[in-house]
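Visitor: Give me a model of this one.
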Amino acid sequence: MKKFVVMLLSAFIVVFLLSCSSGNVVDTEDTTALQDDEPNEEIVVSEAISILKNGGIDTGAAGSHGGQQTRICRTDHGTYVAFVSYQEDVKYYFYIVKIDDSDNVTVLHKDSCPADAALVNIAQDNNGDIYVTAFPADTTKNASPKYSWLAMYIINQEDDGITEIKAGPRFMNSGDFGYAMPMFDFENRKIYAIYSGIGNPGKLSWFTYNIDTGSWQDNCITTVLEDMAHTYFYCFPDGNGGALIVGERDISVDMMPELKIESGTPVYANYLWDKLDLFIIPDMTKGICRMVNIQEADYSRADEGIAPINQNNQNGDVFIDSNGLLHVIYISYLADYDIADGVVTHGETRHAIYSDGECIYNEVMKLNNEDLYYYLRMAENSDGELVLISIPISTEEHLEIYKAADSMGKEWTLIKNERLNWFEDFNVSSFSISCPRNNSLYDGTVDCLAFGYYYKDSEYCTDLYKFSVTLD
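Guide: Residues are numbered from 1 along each chain as shown. Sure thing, here's the model as predicted:
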């Protein structure tokens, strides 16, 4: 498995994009969003607080890897956050905290789990209880991870008492597994620990937890993909015992021999994040899966050492709106793997929409500044209108909020552009919001979480900020 520092690479790759002035891969007539003439006073951005400072945590916030995790959960009895603070040897140490209406941060729990690409996630049950999951591959048990680590923490919504449920290592199947994500299906009283099988062909394997009985199913279910390994999953129950999962292909460079590297060793990255796919699983009790391609990998310039990058874990999102449409936001560009800052094209931010597994739209997003990439998250206001909450990369002192100019989000209007003075020298490395995927309270206000880093007296420091955006 990749080391923790290496796993952060995808979060930093985008920094190199900003120095490139090449044209877009796909030409568009106008990539500037519509703008309101007057500032929107209804959109209110709260003051931000440092969770570390307010919670008395002095061990940092190093868990920014991934970005697709559900890290913050808004409820009618407080906001809950789960995050990895630091790594020591082969373990992650993580916190579960609660933030009240007065921005008081209370540490509810601290624990550790094996260090793996899977980080902690958080969600709210229909009864108001909070579930935190830690589902890494058990890297402490075997050099080739074939065992799962199934740990859950249930926080009682009445008194914040915590119940730990640790199933212990479970054998998966032959081969390497990791990059797990939970899928919370509270309606059908199930939680799934979904693992990626690393290799060719790729696999999906999952364990099933029954909320009502408080027990894990003994065996895991595995489906073999029609492709190589995919990771960074966004997982959604379909309401009928099945699942919709969006993942990006994540493979080592040596798995794509047609990519000709001059030096013999890639400089840009050791891994390719080259395509996006939608996995449709009709029945989670059976290992049957259908793949639908979202963005194909373009290796037309592979003989030059140039590969496609199509990612949505940090710089995009997946969201199912109140009309049942699946939205996938992602970045797409080409990279020269022979040089460190090898961005060949500036690329683009794209928006794909799916209905019943069929693509009905996939175009370049027209946002305020075509020369920037964004940390983008999608939400809805109380009227069911689509909203984007975004932080432009390299100009993180601004928060840009967009509202869809139509019901599907084909066009966007910039309705708020607010300077975030509290950022100062803070560099954002990951951005999360409360969302329906973790059953957060949707009351017109969205809670936001920004991981990042800064330098103090030449020392590298990490922090974690929480703020809220009232959309109506």
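Visitor: Flag the shaky bits of the chain, pLDDT-wise.
Guide: 1-41, 141-145, 174, 395-396, 422-424 (pLDDT under 70).
Visitor: Now the most centrally placed residue in the chain. Nearest residue, chain neighbours left out?
Guide: Residue closest to the average C-alpha location in the chain (CA atoms, centre = their mean): Gln68, at 1.0 Å. Leaving aside its chain neighbours, Gln68 sits nearest to Asn313 (4.6 Å; criterion: CB to CB, 6 or more residues apart in numbering). To be clear about C-beta, it is placed using only N, CA and C from the backbone, and glycine gets the same treatment.
Visitor: Over to Gly409?
Guide: Gly409 sits nearest to Leu386 (CB to CB, 6+ apart), 4.5 Å away.
Visitor: What separation do you get for the one you found and Val318?
Guide: Computed as CB to CB, to the nearest Å, the Leu386 to Val318 distance reads 13 Å.
Visitor: Find the residues that touch each one of these two.
Guide: His327 (CB atoms under 8 Å, 6 or more residues apart in numbering).
Visitor: So for the two, which sits in the more crowded spot?
Guide: Between Leu386 and Val318, counted using other CB atoms under 10 Å, Val318 has the larger neighbour count: 28 against 23.
Visitor: Contact partners for Pro266?
Guide: Val253, Tyr337, Asp338.
Visitor: Near the last one, how many other residues are there?
Guide: I take that to be Asp338. When neighbours are counted by other CB under 10 Å, Asp338 comes out with 17.
Visitor: cool, and the first one?
Guide: Burial of Val253 is recorded as 18 neighbouring residues (other CB under 10 Å).
Visitor: rewinding a little: what residues are up against the residue nearest to Gln68?
Guide: Ser10, Gly66, Gly67, Gln68, Tyr232, Glu248 are the contacts of Asn313 under CB under 8 Å, 6+ apart.
Visitor: ok but it is inside a strand, no?
Guide: No - Asn313 is assigned coil when assessed by DSSP: H, G, I helix; E, B strand; the rest coil, not a strand.
Visitor: Phi, psi for Ala193 please.
Guide: Backbone torsions of Ala193, given as degrees, to the nearest 10, read phi -100, psi 110.
Visitor: repeat for Leu52
Guide: Torsion angles, degrees, to the nearest 10, at Leu52: phi -70, psi -50.
Visitor: Then the one 3 residues further on?
Guide: Backbone geometry at Gly55, expressed as degrees, to the nearest 10, gives phi -100, psi 0.
Visitor: did I read that right, Ser382 in a helix?
Guide: No - Ser382: not assigned to a helix; according to three-state DSSP it is coil.
Visitor: Contact partners for the closest residue to it other than its chain neighbours?
Guide: Once flanking residues are discounted, Ser382 sits nearest to Gly444: 4.3 Å by CB to CB, 6+ apart. Taking CB under 8 Å, 6+ apart, we find Gly444 in contact with Asn381, Ser382, Thr470, Leu471, Asp472.
Visitor: The residues you listed, buried ones only, as a ChimeraX selection?
Guide: The following ChimeraX line selects those of these that are buried, judged by 16 or more other CB atoms under 10 Å:
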select :381,471
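Visitor: Reformat the contacts of Gly444 as TSV; add distance to Tyr374.
Guide: Listed next are the contacts of Gly444 as TSV, based on distance: CB to CB, whole Å:
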residue	distance to Tyr374
Asn381	19
Ser382	24
Thr470	21
Leu471	18
Asp472	22
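Visitor: Of the contacts of Gly444, just say which sits nearest to Ser215.
Guide: Ser382 (38.2 Å; CB to CB).
Visitor: correct me, but that closest one touches Leu471?
Guide: Yes - Ser382 is within contact range of Leu471, at 7.3 Å (criterion: CB atoms under 8 Å).
Visitor: tell me the contacts of the residue nearest to Gly409?
Guide: So Leu386 contacts Asp321, His327, Met378, Ala379, Glu380, Lys403, Ala404, Ser407, Met408, Gly409 (CB under 8 Å, 6+ apart).
Visitor: Do I have it right that the fourth one meets Val446?
Guide: Yep, that's Ala379 we're talking about. Yes - judged on CB under 8 Å, Ala379 makes contact with Val446 at a distance of 5.1 Å.
Visitor: which neighbours do these two share?
Guide: With contacts taken as CB under 8 Å, 6+ apart, Ala379 and Val446 have Ile389, Ile433, Cys435, Leu471 as neighbours in common.
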